[in-house]
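[1] the sequence isn't on hand, but the structure is:
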């Protein structure tokens, strides 16, 4: 407590030394005064201008060093200029009023700089493809050392380049980063896909794969440590006081990296689509409340919703009202506003909720106000970096008219930085006056108690950089401080100084500490587990911790410790308690690498009477993980078939095995005895789901030796007998479909007869496989098409699309009116019109796109719909009929293409153009990828997520497939939209008016 009082007293004395004059803002020019007057800010806050043009222009980031010197990154080249116009300015106060009045070019000839971070005596600057180190050695305010620390990052669309370096609590430097995107408007300049990420001055140091596989990176320059993280961010990243990592991207304004790459990498057989948790309870593309007068939104701006989220920042300045003490601020430059959320714990992750209802924290009536980044200063104020441009959208998403207008760089000579304070104000007296570089180590230790994290993190950095010898003082903070944040910093400082001891660690595992302290102590023990082996017992005691986050961190960490019975028991105890948390399930499997089968057997016993979705999900994760180890497949099947395994669970395991193996095209070799066990489920009394799953596995493994005439007597008779249950008959037909060595026309015509039961007809369609050499089955199904049920018709179309010759027959039937466009549906229309088979694509476009009528003419033909009064209720029906197979609005439809709810505030003519001319602009992140697998198969879809070991592809219809990177032979992005042309065949003018009204009327 004594240390804390000295620290607070020191800072209060400093801050009260000089307050800015009350009339400081009265000196502003009329233009800048108007900019201030145009703001609407949340009640209880003030906003004031810190610096503007001509001192700075095009600011995108800022940093304040330990002596209070302010540095601003200027990115003049956005969006297309690679001439090296970027700069870093050093700002200073020459008249003593506390505000900058002089700027010095600290560094220039930067290309598209995106971030800055104080490091040692200089700065780390992100400027793709490099992370640069800049230092001024002679005190003239200009950098005379320029060194490339890391290189290899893609120089692509600037919105996706590496950015925002942050020195985190754990002494690693984190880089915000994302996949490369090559804009079609400037392919030549921005086609760089990146190379191996590396330290150019040390060829023996670790390297990462090309462009770090489009994910965030962390590194330590001194020790040449380098790692790829499990998630990616667009522009901006932030950490809470306990080191939880929050990210942002366009409409996805806040999400949390839950599972770190080091835990996922522990078990490479775990296949999950992503490692992030969306946090906003008000959803992605959430509604915003701009106050802009005369907004100039571009062609593809999603008006009225968050669409350009960036600069996410956890407020940790200690000066704002209590409700803002666990809050994140997100910039939304397209709508000229700042959004704020309160963040609260929720299991292993978080929930973010609006603090303000039906308004945003900061809005401007000025359409050129473009907040892009924030900074929490030494005064506790929130600094807002305003890029101040007429246009911030990338040319890729704008009309040709705007791109050619010369307006892309309007405002490049302007830019502002504001600061937000509580209503009572905060003194602006730190600029150039902090002098922390001159403070003793003891004085820096005192600053760890400060409520403002700027002081804590600056002291933390300096103490580690100096390799401080004041170990006893830092240790006292770690052991005795009542300030949990101070304790955490002290722990990581001691770790950085290699001076931690077991007494300090053991004390901070105590239930008397804040849960965030216990979390971080676990991480430190994990990092140094060989030296801390005596603390394993203390760690294991935390399996009963009251905090879900402590338990989650423990279950992650246990997987990196030497396996033992006690560790496995702890993993299972946490899993049992937190079974409803999917991240705990995944972490348990990651931490049980090589021991998944015992975990599954334990789960079978513990959850034998649990029919919840969470439990089903656990068995799905376990079975798909085990299948990736061929040695485990037989054991897994054996477990699923033992009598003590509940039928529904056994079926779930078997289905998981089949789905994973069939997706990979793997034929599994099973023992004769195991094949016979699977075959034994083929009886009328067996659980239908287990029987069907067993039959499907036999289709991959091959049948055991069968008795003579078993197929053509026993199985065939079961299939024919109408006295048997439909499901049993259908399984028998499926049995015949894979057991017969050649296609049996007679059997097919018996079971595919339109008078047969629906289940049997559906099973008969399974006979149309690679053994089928002619067109007969397709012709047979089409011969009495209208007598078949919708489900049979739907399945038949899917089957027809498996073979080129059958697809041509389907198109012929469409042209004759036998099959309708509604029955084909938009998903399959899309597939046919974009298929790689050029002859089939041409046939499809001839039949499905009105003979190739010029798209512009079709667009003109729909213009009258803009003058009709549409009916939103009817429009919903049109959406469900024509759009819902690929798009989602609210809870209706399939989440494949962009969320159409985000279009609701666009002009109707722009929405219409996007529908009729879908290839004109492919929405960011919705490129279709053609993936060639090493097993000869190909897959097409949208890459929705990447992890360290896999890609997740989403196909039309919403189905997802996770593909391991080692399975991929080649992959490329296609230049055409997943939404092809031809929708006009299904929608009349009136229906189009209704559809537009429905989209525009969304709430």
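    Perfect, I can see it now. Everything numeric here is computed off the predicted structure, so don't read it as measured data.
[2] from now on I want contacts and neighbour counts done on CA atoms only, so please keep to that.
    Will do.
[3] for residue 804, what are its contacts?
    Contacts for residue 804 (C-alpha atoms under 8 Å, 6 or more residues apart in numbering) come out as residue 840.
[4] need the phi and psi values for it.
    phi -60, psi -50 (degrees, to the nearest 10).
[5] ok, so what distance separates it from residue 842?
    12 Å (C-alpha to C-alpha, to the nearest Å).
[6] before we move on, what about residue 131?
    48 Å.
[7] and residue 289, by the same measure?
    Taking C-alpha to C-alpha, one finds residue 289 at 47 Å from residue 842.
[8] that older thread, more neighbours, residue 131 and residue 842?
    residue 131 (25 against 17; other C-alpha atoms under 10 Å).
[9] who are the packing partners of the helix or strand where the more buried one lies?
    Using DSSP states H and E, residue 131 sits within strand 130-135. Where contact means 3 or more C-alpha pairs under 8 Å, 6 or more residues apart in numbering; DSSP states H and E, strand 130-135 is packed against strand 122-127, strand 145-151.
[10] avg pLDDT for that strand?
    The average pLDDT within strand 130-135 is 98.
[11] now it, how far from the centre of its chain.
    Centre-to-centre, strand 130-135 and its host chain are 28 Å apart (C-alpha atoms, centre = their mean, to the nearest Å).
[12] what lines up beside that strand in the sheet?
    Applying DSSP bridges to the sheet, strand 130-135 is found paired with strand 122-127 (antiparallel), strand 145-151 (antiparallel).
[13] between those strands, which one is closest to residue 115.
    strand 122-127 (5.3 Å; C-alpha to C-alpha).
[14] what does that closest one contact?
    Outside strand 122-127, the residues touching it (C-alpha under 8 Å, 6+ apart) are 110-118, 131-136, 162-165.
[15] over to stretch 740-758?
    726, 733, 737, 760-762, 764-765, 767-768, 771-773, 777, 780-781, 784, 787-789, 791-792.
[16] single out the most deeply packed of the strands paired with strand 130-135.
    Highest mean neighbour count among the strands paired with strand 130-135 (mean count of other C-alpha atoms under 10 Å): strand 122-127, with a mean of 23.
[17] just the mean pLDDT for that one, thanks.
    98.
[18] what do you get for stretch 149-160?
    90.
[19] then stretch 765-776?
    79.
[20] of all the residues in it, which ones are buried?
    Applying a neighbour-count criterion of 16 or more other C-alpha atoms under 10 Å, one finds 765, 766, 767, 768 buried in stretch 765-776.
[21] among those residues, which are in strands?
    Per DSSP state E, strands hold no members of the buried residues of stretch 765-776.
[22] list just the nearest of those residues to residue 69.
    Nearest to residue 69, judged by C-alpha to C-alpha, of the buried residues of stretch 765-776 is residue 766 at 72.2 Å.
[23] and the residue of the chain positioned farthest from its centre, backbone torsions?
    Here the chain reaches farthest from its C-alpha mean at residue 708, the gap being 55.7 Å by C-alpha atoms, centre = their mean. In terms of degrees, to the nearest 10, the main-chain angles of residue 708 are phi -60, psi 130.
[24] need the pLDDT of it.
    86.
[25] residue 981 now?
    For residue 981, pLDDT reads 49.
[26] give me the below-cutoff pLDDT ranges for the stretch 201-350 of the chain.
    Within the stretch 201-350 of the chain, the set of residues satisfying pLDDT under 70 comprises 296-303.
[27] on that earlier part again, any chance of the strands paired with strand 130-135 in JSON lines, plus distance to residue 358?
    Formatted as JSON lines, the strands paired with strand 130-135 follow (distance: least, C-alpha to C-alpha, whole Å):
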{"stretch": "strand 122-127", "distance to residue 358": "36"}
{"stretch": "strand 145-151", "distance to residue 358": "44"}
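[28] out of the ones you listed, which comes closest to residue 236?
    strand 122-127 (12.1 Å).
[29] re the thing from before, just the contacts of stretch 740-758: which are in helices?
    Residues of these located in helices (DSSP state H): 726, 733, 737, 760-762, 764-765, 777, 780-781, 791-792.
[30] between those, which is nearest residue 322?
    residue 791 (57.2 Å).
[31] which among the helices and strands packed on strand 130-135 is found nearest to residue 428?
    Counting by C-alpha to C-alpha, residue 428 lies closest to strand 122-127 out of the helices and strands packed on strand 130-135; the figure is 23.7 Å.
[32] please compute how far the closest one lies from its chain's middle.
    Worked out by C-alpha atoms, centre = their mean, strand 122-127 lies 26 Å from the chain centre.
[33] would TSV of the ones in helices among the contacts of stretch 740-758 with distance to residue 342 be doable?
    As requested, the ones in helices among the contacts of stretch 740-758 are exported to TSV (distance: C-alpha to C-alpha, whole Å):
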residue	distance to residue 342
726	55
733	57
737	57
760	55
761	55
762	51
764	56
765	54
777	60
780	62
781	58
791	47
792	50
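[34] circling back to that earlier point, between the strands paired with strand 130-135, which one is closest to residue 448.
    Among those, the nearest to residue 448 by C-alpha to C-alpha is strand 122-127 (22.5 Å).
[35] below-threshold pLDDT in the stretch 601-750 of the chain: ranges please.
    Looking at the stretch 601-750 of the chain by pLDDT under 70, you get an empty list.
[36] and the strands in it, which stretches?
    Applying DSSP state E, counting those that start in this stretch to the stretch 601-750 of the chain gives no strands.
[37] all helices for it, in order.
    613-627, 630-641, 647-664, 672-680, 688-701, 716-720, 726-739, 745-751 (DSSP state H, counting those that start in this stretch).
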